[in-house]
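**Student:** With the sequence up front, the predicted model follows.
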Amino acid sequence: MQQLADIQQQEAIRQLLGEARSIAIVGLSPKEQRPSNMVGRYLLAAGYRIFPVNPGQESIFDLPCFADLASLPEPVDIVDIFRRSEDIPQIVEQVLAMAPLPRAIWMQQGIVHHGAAELARQQGLLVVMDRCLKVDHQNLSAR
């Protein structure tokens, strides 16, 4: 049964990454050596529009930073999260207040919060936890 769930999630991820055009990156760092920065650069190069969400910065990649998800100027397809697991419930609450809702919440490698994930799923969002968006996109592109 777990294998079927894995196949279904892989197909949902493939479809999501093929159709998505815009990604809010919560916790995007301006430091080039940080994983969030590497993923952000990759996503820009792959053709996605990204929206940095980092209240401590004015801009990253010459793009304006936003203090929170409520400040985004337009809807996004994916909210990609680079924050500690204990911060996830608050971020998911912000996501669920967005209108329209994004298609997915993506918690990067090492980030898991089952309660917040279930709340998001109940609202119809795809939730990906403990996976790297860049790695999944590269794996799909290599096929």
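**Tutor:** Arrived safely. Numbers count the residues shown, from 1 in each chain.
**Student:** tell me the SS of the residue nearest the centre of the chain?
**Tutor:** To find the centre residue of the chain, average its C-alpha atoms and take the closest one (CA atoms, centre = their mean): that gives residue 80, at 1.4 Å. Residue 80 carries the three-state label strand when classified by DSSP: H, G, I helix; E, B strand; the rest coil.
**Student:** What are the neighbouring residues in contact with it?
**Tutor:** The neighbours of residue 80, taking CB atoms under 8 Å, 6 or more residues apart in numbering as the test, are 23, 24, 25, 26, 39, 106, 108, 133. Every C-beta, even on glycine, is put in place using the N, C-alpha and C of the backbone.
**Student:** redo that, cut-off 7 Å
**Tutor:** Residues near residue 80 by CB atoms under 7 Å, 6 or more residues apart in numbering: 23, 24, 25, 26, 106, 108, 133.
**Student:** same question, residue 115
**Tutor:** Contacts for residue 115 were tallied using CB under 7 Å, 6+ apart; they are residue 89.
**Student:** try 10 Å
**Tutor:** Taking CB atoms under 10 Å, 6 or more residues apart in numbering as the definition of contact, the neighbours of residue 115 are 88, 89, 92.
**Student:** what's the answer for residue 65, then?
**Tutor:** With contact set as CB under 10 Å, 6+ apart, residue 65 has these partners: 25, 28, 30, 51-59, 71.
**Student:** on that earlier part again, narrow the contacts of residue 80 to those in helices?
**Tutor:** By the criterion of DSSP state H, membership of those in helices covers residue 133.
**Student:** Show only the entries of the contacts of residue 80 found in strands.
**Tutor:** 23, 24, 25, 26, 106 (DSSP state E).
**Student:** If you rank those by neighbours, which is first?
**Tutor:** With neighbours defined as other CB atoms under 10 Å, the most crowded of the ones in strands among the contacts of residue 80 is residue 25; it has 29 neighbours.
**Student:** doesn't residue 140 fall inside a strand?
**Tutor:** No: in this structure, residue 140 is helix, not part of a strand, as judged by three-state DSSP.
**Student:** Helix, strand or coil: sort out the closest residue to it other than its chain neighbours for me.
**Tutor:** In space, not counting the residues next to it along the chain, residue 140 is nearest to residue 14; the distance is 5.5 Å by CB to CB, 6 or more residues apart in numbering. The three-state label given to residue 14 by three-state DSSP is helix.
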